[in-house]
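S.K.: Mind looking at a prediction? Sequence and model below.
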There are 2 protein chains.
Amino acid sequence: MPGMNTNKKAIVLLSGGLDSTTVLAIAIDRGFDVHALSFRYGQRHAIELSASKRVAAQFNVAQHVVADIDLRTFGGSALTDDIDVPKYDSADSVGQEIPVTYVPARNTIFLSFALAWAEVLQADDIFIGVSAMDYSGYPDCRPEYIAAFQQMANLATVAGVQGNQKLTIHTPLITLTKAQTIEKGLELGVDYGNTISCYDPDAGGASCGQCDSCLLRRRGFAEAGFDDPIRYQSL
Amino acid sequence: MPGMNTNKKAIVLLSGGLDSTTVLAIAIDRGFDVHALSFRYGQRHAIELSASKRVAAQFNVAQHVVADIDLRTFGGSALTDDIDVPKYDSADSVGQEIPVTYVPARNTIFLSFALAWAEVLQADDIFIGVSAMDYSGYPDCRPEYIAAFQQMANLATVAGVQGNQKLTIHTPLITLTKAQTIEKGLELGVDYGNTISCYDPDAGGASCGQCDSCLLRRRGFAEAGFDDPIRYQSL
């Protein structure tokens, strides 16, 4: 059919952060018709959602859906509870301890929603911006976890059971450092000024510069040799 | 500590239907401290939630949480979309075709939320009332799917990674027919008058008697030789 988009569809989990934005650019670069999925999950940094909308607009994605879920139902994380976000650098202790910013089963829940949407769209591809380099002890950012999710997903869907769908969970950043991620994104035209990484931005959207996520981001830009275009509270 | 409940905690997925209610009774019979989890997921038969509350009350569970999620975001099922619920008996074609009442990735999403709660509660046990006998072609009711979810879950959590948690997904109904499920529940004191199975009840809560779920239920009671205590629209 003339004019019809015949690219393969992919679901991209998009938080509006540096990693997921880079992944979105990679999915588009690989020729996918991108359906971006964000969540309103009771996170303290709802300013992420504004960032995800800017990113979706920059890349003119086929569709951007924001799904409502309430992870506060169960509590258990500084990102959704009234626990102070710690200001320290945990990047030196990757794999050593679990930060209080860990949200229980978050990637499992996010990937499950992506799976539901993939089944409805008949898409075979899901992209997620996890990195085993920078994961700071998050269990659901490891390759063995992703592989197990993919195996489960292929048993969970109608098309998978009928042999008509072979789901792949793509993790293009899994072996990249933050600096390498930034270099890749800049190659692909990402405007990192649209993104936000901070766990604790101020009301005006300026990043704190001191939380775990800000520190990883700043170190990444420093190592890559580029200026970070976002605003930080007085550093 | 005297007076403290020292039973092991379990999460029980509770829809308020016949199967999940029986599973809840089984978990209690096995000595678990039951934390029941229901979902408000845009289902047409929200009357299920009232049933789940009656069941939780009958068994005096430790906690009953209703989590809000919106599966209508993606569409794709007669249970959440404006598609007519079919009135026919698909029980003769188990495994042959997928009914339109199938909700994409529903059990994966439900189990993912249960996993999040299990991690917060430090519970090792999740109960779900799937049956491979009556599943009517739902891929996420099969034993191989449940095994894959369990494997993924044990890689997804902090405690799993640290070796302090061994999650088990319990499926006590997986090899039971509906009649056997009913017999088991009656042994354990379940009041099936509190439950509802119908995909299309009327405003007063009376079941249609003709949808797939009603037909399976009625056949189960007939085979077990008991009267179904719920109200049906004029049959």
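M.R.: Done, it's in. What you are looking at is a predicted structure, and each value in this text was computed from that prediction instead of being measured. Residues are numbered from 1 along each chain as shown, chains lettered A, B, ... in the order given.

S.K.: what's the nearest residue to A:Y145 if we skip its chain neighbours?
M.R.: With CB to CB, 6 or more residues apart in numbering or on different chains as the criterion, A:Y145 has its nearest non-adjacent residue at 4.3 Å, and that residue is B:L155. Any C-beta I mention is one placed from the backbone N, CA and C, and that applies to glycine too.

S.K.: pLDDT score for that neighbour?
M.R.: On pLDDT, B:L155 comes in at 92.

S.K.: what about A:G31, neighbour count?
M.R.: The number of residues packed near A:G31 is 9, by other CB atoms under 10 Å in any protein chain shown.

S.K.: next helix or strand past the helix or strand hosting the residue nearest to A:Y145?
M.R.: Element membership for B:L155, per DSSP states H and E: helix B:143-156. As assigned by DSSP H and E, the chain's next helix or strand after helix B:143-156 is helix B:158-162.

S.K.: and the helix or strand just after that following helix, what does it pack onto?
M.R.: Per DSSP H and E, the first helix or strand lying C-terminal to helix B:158-162 is strand B:168-170. Strand B:168-170 is packed against strand B:125-127, helix B:143-156, with contacts defined by 3 or more CB pairs under 8 Å, 6 or more residues apart in numbering or on different chains; DSSP states H and E.

S.K.: Lowest average pLDDT across the ones you listed?
M.R.: Comparing mean pLDDT over the helices and strands packed on strand B:168-170, the weakest stretch is helix B:143-156, at a mean of 94.

S.K.: Tell me which residues of it come out buried.
M.R.: Of the residues in helix B:143-156, those buried under the neighbour-count criterion (16 or more other CB atoms under 10 Å in any protein chain shown) are B:145-146, B:148-156.

S.K.: Using a markdown table, lay out these together with distance to B:Y138.
M.R.: Listed next are the buried residues of helix B:143-156 as a markdown table, based on distance: CB to CB, whole Å:
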| residue | distance to B:Y138 |
| --- | --- |
| B:Y145 | 9 |
| B:I146 | 12 |
| B:A148 | 15 |
| B:F149 | 14 |
| B:Q150 | 18 |
| B:Q151 | 20 |
| B:M152 | 19 |
| B:A153 | 20 |
| B:N154 | 24 |
| B:L155 | 25 |
| B:A156 | 23 |
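
S.K.: closest to A:C211 among those residues?
M.R.: Taking CB to CB as the measure, A:C211 sits nearest to B:A156 out of the buried residues of helix B:143-156, at 23.7 Å.

S.K.: Please name the residues that touch the closest one.
M.R.: For B:A156, the residues meeting the contact criterion (CB atoms under 8 Å, 6 or more residues apart in numbering or on different chains) are A:105, A:107-108, A:139-140, A:145, A:148-149, B:115.

S.K.: what do you get for A:K166?
M.R.: Contacts were defined as CB under 8 Å, 6+ apart; by that measure A:K166 touches A:124, A:154, A:160.

S.K.: which residues in chain A form strands?
M.R.: Under the criterion DSSP state E, chain A carries strands at the ranges A:9-13, A:33-40, A:63-68, A:125-127, A:168-170.

S.K.: I appreciate the help and will end here.
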